[in-house]
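J.: Need a 3D model of the sequence below.
(2 chains)
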Amino acid sequence: MLIVDKDQCTGCGVCEDNCAFGAIEVVDGLAVVAETCTLCGSCVESCEFEVLTIEGAEKSVQVDLDSWSGIWVYCEFRAGKLASVALELLGIGRHLADARGVKLVAVLIGAETGNTADSLIGHGADIVYRADDAALYFFTDETYGAVLTDLIRQEQPEVVLAGATAIGRSFFPGVANVLGAGLTADCTQLDIRQGDGALLQTRPAFGGNIMATIECPSSRPQMSTVRPNVMKALEFDANRTGEIVDVTLDPAMLKSKVRVLESVVSEHDDVNIQESDILVGGGRGLDSEKGFSLIRELASSLNASVSASRAVVDAGWIGYPHQVGQTGKTVAPKLYIACGISGAIQHVAGMQSSETIVAINRDENAPIFNVADFGIVGDLFEVLPKLISKIEAQRKS
Amino acid sequence: MNIVVCIKQVPDAKDVRLDPVTNTLAREGVQSIMNPYDQHAVEEAVRLKEELGGVVTVLSMGPPQAEEVLKQAISCGADQAVLVSDRAFAGADTWATSYTLAKAVQKIGEFDLILCGKQAIDGDTAQVGPGLAMQLDIPFVTCIQKIREATDSELTMERMMDDGYDVLAAPYPVLLTVVKDINTPRVPSLKGKMKAKKVVIQVLSAADVGADPAKIGLAGSPTQVVDVFPPPPRGERALLSGSIDDQVEQLVEKLAIYL
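T.: Below you'll find the predicted structure:
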């Protein structure tokens, strides 16, 4: 419950303005909480008189939090390829493991993984648990979930991370639910608190309008999915040593009621826009499918992938996997070039954590310029061809 | 075929914005809407019912005013609506929400298929659908972009992946979460609107669904929000100046490290 200290409340209304759910209203000089309150805590922060507190029923704390030890990273491997986010997770995982003085463990699930386990060690893992079996060639929530759940139950790690990818965001929620573990989605920052070892998981909420830091105070493991392209991978070091453990797989774990009949990889290899370093995004300002081809040209001059606003996807100029924004994908490339995208909050939510943002738009009042590091106000059909030829000239020289 | 569709009332994202002066969330004029992904889940359920027969039940957990989105679902072809609502649910994270919805689904009774939107646009976690399936001990598949074939015994469908899509077959019961590619939701018919006006929504409390008080709301939530703050400001409205040629030249210089 959100409690208002009626004696101290001045009815200033700051909390009312802060509540995104419209759950607080000042009535007769007093903050009144409605049922729509989600206990998000943003009003508690806002109140300079410290009138608001959140009181919950006592949680039953697992008695033995300290018996959970080690930082684990699920390393996604699909169709012969390790997801690049796996190496990024080993980078942040190494940092967390060193801060805790514990081992960094990579969990590799798949088939025909070859020498991938060695490369995980070179990128920072102390131990690799390898579940390599023909039955794990295709991803299913049931098989991957069963393998990981079983390992976690046996080894009791304190932290388990996965990339916030289609696969990570699908089977981690199932695993966390079965274990009764806390899971935080799509984190962009992770820290560990010395002392109690609490994982401080920071993620955007409300389409990136607020950042929230989340803890799991009374349960282990602490689980997170982490946004690709945010954490830094360590340089590969062939001198690093570690242990590879092949996991014994119970045949029951390899059975799935849901069957994969076929896996269709898109013919365009740039479809996985979350893994691209450079994205060129096109919006309604391109006017037509033909206009949109300028985006593809600019992308190819930069070796970049193509993304799009919702309007463009709805118009059918490019497929849904390329959509950036609240109902599409969230991306954080090193460089995002927004062309003819007005910058509605739904789009900005999906790209505002990009390292550098360039906006090109004919409307100087377009909100996209508010998040841009560099902006050009101008006609795309004039600017883009010039930009493309300039970039090509630059790359040649 | 008995289908349960889980839907959520959310603030309309386009209304949620930061006040540039106070750097706080401005709530003025924030409209509540049905979570956009859930509209596609309702539509798919109604289409499956039209093809195979059966009953579509829409289920929401939320405050009393969440009845609005349930009525909207009825107007779009759902048959009955259940709202699970209790102040004790406040502060529920995805674990506690999954548990609560599972108790409500069990109360509703027999089901073959549960449909959810991929994620809600306020929290963006995409965790409740899979969590609900685990609580009910049934398989789940996320991010369905197309149902190719539905028979009385099995579904064949496409799941969106990062690099393309997988084609899957699943027997019932199963839980699916859907992306917006799956269909185009219909506009409510006049008949549907009339039905929505008259519908009696079953409202269930925590006690009604037999929920364990230790597993709901804040108490039942393994995760806890400990800090909320505005995102670091970015961008300076740094518009380049000069002729277009000059601006392009400056931009390419600025981007040299990426070339």
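
J.: okay, CA-based contacts and neighbour counts for the rest of this
T.: Noted.

J.: So B:V141: helix, strand or coil?
T.: Put simply, B:V141 is strand when judged by DSSP: H, G, I helix; E, B strand; the rest coil.

J.: Please tell me I have it right and it contacts B:T177.
T.: Yes. The pair B:V141 / B:T177 is scored as a contact, 6.5 Å apart, by CA atoms under 8 Å.

J.: the more surrounded of the two?
T.: Shown here are B:V141 and B:T177; by other CA atoms under 10 Å in any protein chain shown, B:T177 has more neighbours (28 against 25).

J.: so which helix or strand takes in that one?
T.: strand B:174-178 (DSSP states H and E).

J.: Can you spell out which helices and strands pack onto that strand?
T.: Where contact means 3 or more CA pairs under 8 Å, 6 or more residues apart in numbering or on different chains; DSSP states H and E, strand B:174-178 is packed against helix B:36-52, strand B:113-117, helix B:128-136, strand B:140-150.

J.: For A:C187, find the nearest of those.
T.: Closest to A:C187 of these is helix B:128-136 (CA to CA; 16.9 Å).

J.: do the closest one and chain A meet at all?
T.: Yes. Helix B:128-136 lies within reach of chain A by CA under 8 Å from any CA of the partner chain, at B:V128, B:P130, B:G131, B:A133, B:M134, B:Q135.

J.: ok now do the residue nearest to the fifth one when sequence neighbours are not counted, which residues does it touch?
T.: In this case it means B:M134. The shortest distance from B:M134 to any non-neighbouring residue, by CA to CA, 6 or more residues apart in numbering or on different chains, is to A:G174 (6.0 Å). Applying CA atoms under 8 Å, 6 or more residues apart in numbering or on different chains to A:G174 gives the contacts A:D141, A:G145, B:Q127, B:P130, B:G131, B:A133, B:M134.

J.: Of the residues of helix B:128-136 next to chain A, which is the nearest to A:Q346?
T.: B:V128 (21.7 Å).

J.: wait, doesn't that closest one sit right on B:A96?
T.: No. The pair B:V128 and B:A96 fails to qualify as a contact (CA under 8 Å) at a distance of 9.1 Å.

J.: gap between the residue nearest to A:A366 when sequence neighbours are not counted and chain B?
T.: Spatial nearest neighbour of A:A366, chain neighbours left out: A:S342 (5.1 Å); criterion: CA to CA, 6+ apart. From A:S342 over to chain B the distance is 13 Å, taken as CA to the nearest CA, to the nearest Å.

J.: Now do the SS call for A:S342.
T.: coil.

J.: How about the contacts made by it?
T.: A:G283, A:N361, A:A366, A:P367, A:I368 are the contacts of A:S342 under CA under 8 Å, 6+ apart.

J.: Where neighbours are concerned, which of the contacts of A:G174 has the most?
T.: Neighbour-wise, the contacts of A:G174 (other CA under 10 Å) top out at B:P130, 32 neighbours.

J.: Is it correct that that residue is in contact with A:A176?
T.: No. In this structure, B:P130 is not within contact of A:A176 by CA under 8 Å, at 9.7 Å.

J.: now the strands for chain B?
T.: Ranges of strands in chain B, per DSSP state E, are B:2-7, B:9-11, B:17-18, B:25-26, B:32-34, B:55-61, B:80-84, B:113-117, B:140-150, B:154-161, B:164-171, B:174-178, B:202-204, B:224-229.

J.: Which strands and helices lie in contact with the first one?
T.: Of the remaining helices and strands, those touching strand B:2-7 by 3+ CA pairs under 8 Å, 6+ apart are helix B:36-52, strand B:55-61, strand B:113-117.

J.: and the first one, how far from the chain's centre?
T.: In other words, helix B:36-52. Remark: helix B:36-52 is offset 13 Å from the chain centroid, using CA atoms, centre = their mean, to the nearest Å.

J.: now that helix and strand B:2-7, what's the angle there?
T.: Computed by axes from the mean of the first three to the mean of the last three CA atoms, to 10 degrees, the angle separating helix B:36-52 from strand B:2-7 equals 170 degrees.

J.: Worst mean pLDDT across the helices and strands of chain B, which element?
T.: strand B:17-18 (a mean of 54; mean pLDDT, DSSP states H and E).

J.: Okay, now the unreliable bits of the stretch 151-259 of chain B?
T.: Within the stretch 151-259 of chain B, the ranges that satisfy pLDDT under 70 run B:233-236.

J.: So for B:T151, which of the helices and strands packed on strand B:2-7 sits nearest?
T.: helix B:36-52 (7.5 Å).

J.: average pLDDT across the closest one?
T.: When pLDDT is averaged over helix B:36-52, the result is 97.

J.: packing partners for it?
T.: Packed next to helix B:36-52, using 3+ CA pairs under 8 Å, 6+ apart, are strand B:2-7, strand B:55-61, strand B:113-117, strand B:174-178.

J.: and with 10 Å instead?
T.: The contact analysis (3 or more CA pairs under 10 Å, 6 or more residues apart in numbering or on different chains; DSSP states H and E) places helix B:36-52 against strand B:2-7, strand B:9-11, strand B:55-61, helix B:67-75, strand B:113-117, strand B:140-150, strand B:174-178.

J.: okay, and the common contacts of B:V141 and B:T177?
T.: A:S170, B:L115, B:G129, B:P130, B:R159 (CA atoms under 10 Å, 6 or more residues apart in numbering or on different chains).

J.: Tell me the most packed of those residues, by neighbour count.
T.: B:P130 (32 neighbours).

J.: Distance-wise, check A:Y74 relative to B:V167.
T.: Using CA to CA, to the nearest Å, A:Y74 is found at 24 Å from B:V167.

J.: So for these two, which sits in the more crowded spot?
T.: A:Y74 (24 against 19).

J.: who's in contact with that one?
T.: Taking CA under 10 Å, 6+ apart, one finds A:85-86, A:89-90, A:105-109, A:128-129, A:148, A:160-163, A:168, A:172, A:225 in contact with A:Y74.

J.: Just the ones in strands from these, please.
T.: A:V105, A:A106, A:V107, A:L108, A:I109, A:V128, A:Y129, A:V160, A:L161, A:A162, A:G163, A:T225.

J.: when you check chain B, which of the residues you listed turn up near it?
T.: A:T225 (CA under 10 Å from any CA of the partner chain).

J.: what's the closest of the ones in strands among the contacts of A:Y74 to chain B?
T.: A:T225 (9.7 Å; CA to the nearest CA).

J.: A:T184 is in contact with that closest one, correct?
T.: Yes. Assessed by CA atoms under 10 Å, A:T225 is found in contact with A:T184 at 6.4 Å.

J.: State the distance from B:Q72 to A:E355.
T.: From B:Q72 to A:E355 the distance is 41 Å (CA to CA).

J.: between those two, which one's more packed in?
T.: Set side by side, B:Q72 and A:E355 show more neighbours around B:Q72, with 20 against 17, by other CA under 10 Å.

J.: Contact partners for that one?
T.: B:Q72 neighbours (CA under 10 Å, 6+ apart): B:I33, B:M34, B:Q39, B:V42, B:A78, B:P188, B:G192, B:K193, B:A196, B:K197.
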